[in-house]
Structure formats: structure tokens, C-alpha cells
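1. build the 3D model from these lines:
(one chain, ligands or ions: 3)
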Amino acid sequence: MANEGTSSSRFEEEEEELGELYGAESGWVEARSSCDHLASLASDLVHIPPPDSPCFRCHHPAENWLCLSCKEVLCSRFINKHMLNHHQETGHCLALSFSDLSVWCFACEAYLDVQLIQQLQPVYEAAHLLKFGQRPPFRSLDGVELCSLQNKGGSAKS
Ligand SMILES: [Zn+2]
Ligand SMILES: [Zn+2]
Ligand SMILES: [Zn+2]
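-> Ligands and ions are numbered 1, 2, ... in the order given. Down below sits the predicted model:
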């Protein structure tokens, strides 16, 4: 008698309820969760110029962008377009805004979600640390327990 009841394939589905940690209510424009140009990131992006660095070309003092390929600080398209020119001249397409720490890809023409793209997190953290004196509040990939239910205070406004 062949015992054919052995088709017990196990599917262990562990569904953790982490779904809505970062709700879409933050009001930011759609940021991409991937980008084909991350290979152009500089290798040591933990060392970056301070966020109040002036534009390397015109010395505009504020709201500049950091080129994530060569770490030049350049002004925005609303000032003298030096970051945009830099992209056109060099092909460097990834830039971090020192005004709100968002990352823009000129090639994708889109913002990139620093919370979802692991390669961007070191420079985001570095910039956040320089700008605000502390690391950013989110932790997504460090294995930190996201659902510690002890603080049910619900004080999660940002
Ligand atoms: Zn891109
Ligand atoms: Zn400039
Ligand atoms: Zn560059």
C-alpha cells in the first residue's frame, strides 16, 4: 500500500501588519521606489558638504542641491540652474535637495523615495544629521522592531 498522503507542502505565510507605516498622507508628490541610475552614486556619501554650502559656481547661499555623483553643491533651477546645467554637462542625474532632503533624478524626472531605496539612505542620513543635528526618525531596514506595541500613545504626527 503506497501511502500517498505526503503532499504536505508547507506555506508559512507570515503576514505582518506593517502595511501602512508610511501613509500616503504626507503630501509629497509621488516618489519612485526605484531608479536605474543608482550606480552613479558616489561611493562615500556619508561624507558630504554641509547643507548650508553655497553653490560652487555662483555662491548662492541657500536651497542648493548636492550632486550625488561628484558631491558638488549647485543651485536649483529656480536660481541659476547650476544643478540642471551640471546634469546636462556631465550626465550626473541624482541630486539631493538641501532644502528638504528629497532626492531628484534628472534622468527619471522624478523624486526618489529615500525610505524605500536603500542606496540613498546613507546620504540621506548624513544630510539629515548635518542639517538637523540628528538622524532621521525612520528606520526601515535595520531590523529595528517596528511594531513595539508598548507605546500606544498614538502621537505619530509628523
Ligand atoms: Zn533615475
Ligand atoms: Zn549657482
Ligand atoms: Zn556631479
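2. elements contacting the helix of greatest length in the chain?
-> Ranked by residue count, the top helix of the chain under DSSP state H comes out as helix 121-132. Applying 3 or more CB pairs under 8 Å, 6 or more residues apart in numbering; DSSP states H and E, one finds that helix 121-132 makes contact with strand 94-97. Using the backbone N, CA and C atoms, a C-beta is placed for each residue, glycine as well.
3. give me the contacts around the strand it packs on.
-> Identification of contacts with strand 94-97 by CB atoms under 8 Å, 6 or more residues apart in numbering yields 35, 37-38, 40-41, 63, 65-69, 74, 76, 83, 87, 102-106, 112, 123-124, 127.
4. and ligand 3, which of those reach it?
-> On the criterion CB under 5 Å from the ion, C67, S69 are the entries of the contacts of strand 94-97 that sit beside ligand 3.
5. got a ChimeraX select line for the buried ones in the contacts of strand 94-97?
-> Of the contacts of strand 94-97, the buried ones can be selected in ChimeraX as follows, counting by 16 or more other CB atoms under 10 Å:
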select :35,37,40,41,65,66,67,68,69,74,76,83,87,102,103,104,105,106,112,123,124,127
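6. which members of the contacts of strand 94-97 occur in helices, if any?
-> Counted as lying in helices by DSSP H, out of the contacts of strand 94-97, are M83, H87, V123, Y124, A127.
7. please identify the buried residues of stretch 31-51?
-> Applying 16+ other CB under 10 Å to stretch 31-51 flags A31, C35, H37, S40, L41, A42, L45, I48, P49, P51 as buried.
8. wait, stretch 67-86
-> By 16+ other CB under 10 Å, the buried positions in stretch 67-86 come out as 67-69, 71-76, 79-80, 82-84, 86.
9. ditto for stretch 124-138
-> Residues of stretch 124-138 classed as buried by neighbour count (16+ other CB under 10 Å): Y124, E125, A126, A127, H128, L130, K131, P136, F138.
10. adding pLDDT and distance to ligand 2, write those residues out as JSON lines.
-> Converted to JSON lines, those look like this (pLDDT from 0 to 100; distance: CB to the ion, whole Å):
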{"residue": "Y124", "pLDDT": "96", "distance to ligand 2": "23"}
{"residue": "E125", "pLDDT": "95", "distance to ligand 2": "26"}
{"residue": "A126", "pLDDT": "96", "distance to ligand 2": "22"}
{"residue": "A127", "pLDDT": "96", "distance to ligand 2": "19"}
{"residue": "H128", "pLDDT": "96", "distance to ligand 2": "23"}
{"residue": "L130", "pLDDT": "96", "distance to ligand 2": "20"}
{"residue": "K131", "pLDDT": "96", "distance to ligand 2": "19"}
{"residue": "P136", "pLDDT": "88", "distance to ligand 2": "27"}
{"residue": "F138", "pLDDT": "66", "distance to ligand 2": "31"}
